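# have a look at this fold, sequence not included:
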C-alpha cells in the first residue's frame, strides 16, 4: 500500500508548449523512453529504447495501421507479388523526400541493404534480410558481387525483392521492422565509410531521415527532441509539432514526472502503483498484452552453463507463479516455453515440467548434488529496479531449491549491450519483443550465427527445421514444425523463459490516436493532443 501522503494529480499543470507561427498552441508530446539510446542507426540497434525514437525519424516501405499494425501502403504506394510468391515489386510514391529535401530513390534502398549485409559492418540484425536470394552468402563473405543478391532497383521508383523461399508474413515484417527502412547513404558517406558504425552521422544536425519527424536535439541522458518534417510525403496528416523523449531509467521517477505534467506517456509504471491507478485514475492506466518474453540468456560456452542439464535444472527451479504474483505484479503470465502463446493462433505444446525435484536430479547427475562443488554463477542485468528485484528473487530460489549460489552484476544500458554482444557474461537478463506478429519471430533468433543469438548455442537439427518451416504447404504444417523447435529449446535451455510481457504504463487522456497494439508500436503521425 502507498502512504496516505501519496496523491495522484491527474491533469495537473505542465510546462507551456508555446505557440506556432500561425498563433495556434504547439502540439508537443513528451514521452518517457526508459533508457538512453545506444544509437539511432536503424541497421545497428536492437533495443526498444532506440526503436521508440527511430520510428519517428524513418518511415517504412510498408506502413502499419495504428489500430492493429496490419500492413498498409507506406513509402511504397502499392506492390505486386509473383504467382510463386517469391518476387515482390514495390512501387514507390512520386513525392518521397529525405528530411533535407532530396528525393528518395529505389537505389538507396538497395545500397542500404548492402550496408546491412556487408560483413565488415557486422550488423546484429543482418539476419533479417537473409530471406532474400544471396543475402546470407553475401553477409558471410561467400558472395562478393552484390548484384547477385535479390535486391534490384528497376528504376528510381521501383524496387524488386526476390526471396530464396516463401515468407508468408513478409508484409507484416516490412510494416514494423526498421531494418527494411532506407538510409540516406550519401549523407552517411560524409562522415565515414558505410561499413563502419559510430561514425556520428546520427547526431543532431547530421541525421537525415524519411519519417514524419526529424532530429533537432540530442542531449545525452537528458532529452531527445524531434520536430515535424516538412518534406515528409504524408506531412498533411501529421498533427504533432514535436516529440520529446526522456531517458528515465527509474520507473518511480518517470511516474512522478507524469504526475507533475512533465510527461504525457511513461514507458513503464512501478507495479506497486498499478492498483492505485486502477482505483483513482483508471483513465490514465494502460494494461495491455505485449508480444514479448522475459528470459535469462545462457552463455553455453562458459562452464557450468555449457551443460544442458545444469541449464535445465536452473530453469525448472524458478517459481514463476510466485515471481509474477509477488514480485512483478503487472499481469504477466508465467513462461514455460520460449514462444508466446496464441501468437497468430500458435501456442507451444512443449513446457518446462518436473519442478524442483527434477531440477535436483539433473544437478546431481551433472556432478553437483545439492549444489556442492558448483562455483557461483554471475547474473548480468541492465540497471533497472525491476530487473534487480527479479534477479534477487530468483537468486534466492536457486539457493533454496538447488544450493546454487548466484552473484548479481548490473550495468548501464550501453555497457550491458556491449557485454552481451561480446559475450562477456555467464547468465544474462534479457527480453525479446517481437518485430512482427508471427510465431516465427520467437524462433528464428536461435539459429546458428544469428546476430542476436548471443547464447552461442548451435543445433544443426534446429537450423534445418527452421529453414524447412517456410516451405510448409499450409500454416498448420508450418506450426507443427514450430512445435518441434519449441521442444528443442525447452530440452536444451540455451535460454530460460521467465514470463510473457504485458505493457503497463500511463497515458494522459489528452493523447489521442495512441491505440493498444501487441507490439506497443504507435505510428506517431496518427497521434495528436486534445487541447480541450
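Now that the structure is in, tell me what you want to look at. The structure presented is a predicted model; accordingly, all values stated were derived computationally and were not measured. Residues are numbered from 1 along each chain as shown.
# which residues sit against stretch 91-109?
61, 75-80, 90, 151, 153-159, 182-187, 208-211, 214, 229, 231-233 (CB atoms under 8 Å, 6 or more residues apart in numbering). C-betas here are computed from N, CA, C, even on glycine.
# buried subset of the residues you listed?
Buried members of the contacts of stretch 91-109, scored by 16 or more other CB atoms under 10 Å, are 61, 75-76, 79, 90, 151, 153, 157, 159, 182-185, 187, 208-211, 214, 229, 231-233.
# how many neighbours does the closest residue to residue 212 other than its chain neighbours have?
Leaving out its chain neighbours, the residue that sits closest to residue 212 by CB to CB, 6 or more residues apart in numbering is residue 525, at 4.3 Å. Counted with other CB atoms under 10 Å, residues neighbouring residue 525 total 24.
# is it true that residue 376 touches residue 406?
Yes. Contact criterion CB atoms under 8 Å: residue 376 and residue 406 qualify, at 6.5 Å.
# how about the strands in the stretch 101-250 of the chain?
Here the stretch 101-250 of the chain has its strands, by DSSP state E, counting those that start in this stretch, at 151-155, 158-162, 213-219, 223-228, 242-246.
# note down every partner strand of the longest strand along the chain and its orientation.
Identified as the longest strand of the chain according to DSSP state E is strand 285-298. Using DSSP bridges, strand 285-298 pairs in its sheet with strand 427-433 (antiparallel), strand 495-506 (antiparallel).
# from the chain's centroid, how far away is that strand?
Relative to its chain's centre, strand 285-298 lies at 11 Å (CA atoms, centre = their mean, to the nearest Å).
# and the next element down the chain from that strand?
Heading C-terminal from strand 285-298, the first helix or strand you meet, by DSSP states H and E, is helix 308-316.
# give me the helices and strands touching the helix or strand following that next one, please.
Next in sequence after helix 308-316, counting helices and strands by DSSP H and E, comes helix 320-323. Using 3 or more CB pairs under 8 Å, 6 or more residues apart in numbering; DSSP states H and E as the contact test, the elements touching helix 320-323 are strand 333-334, helix 385-402, strand 495-506.
# between the last one and helix 308-316, how many degrees?
Just to be clear, that refers to strand 495-506. For strand 495-506 against helix 308-316, the angle by axes from the mean of the first three to the mean of the last three CA atoms, to 10 degrees is 30 degrees.
# let's verify residue 490: helix, strand, or coil?
Following DSSP: H, G, I helix; E, B strand; the rest coil, we place residue 490 in the helix state.
# state the number of residues packed around it.
Neighbour number of residue 490 under other CB under 10 Å is 20.
# so it makes contact with residue 351?
Yes. Between residue 490 and residue 351 there is a contact under CB under 8 Å: 6.7 Å.
# between those two, which contacts overlap?
336, 337.
# okay, helices next: where are they in the chain?
All helices of the chain, identified by DSSP state H, fall at 48-57, 106-117, 135-139, 170-176, 185-189, 251-259, 274-280, 308-316, 320-323, 355-365, 385-402, 413-421, 460-469, 475-492.
# rebuild those helices as CSV, extending it with distance to residue 27 and mean pLDDT.
What follows is the helices of the chain, written out as CSV (distance: least, CB to CB, whole Å; pLDDT from 0 to 100):
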stretch, distance to residue 27, mean pLDDT
helix 48-57, 14, 95
helix 106-117, 31, 98
helix 135-139, 41, 97
helix 170-176, 25, 96
helix 185-189, 28, 97
helix 251-259, 18, 96
helix 274-280, 25, 94
helix 308-316, 48, 98
helix 320-323, 41, 97
helix 355-365, 53, 98
helix 385-402, 32, 96
helix 413-421, 29, 93
helix 460-469, 45, 96
helix 475-492, 42, 97
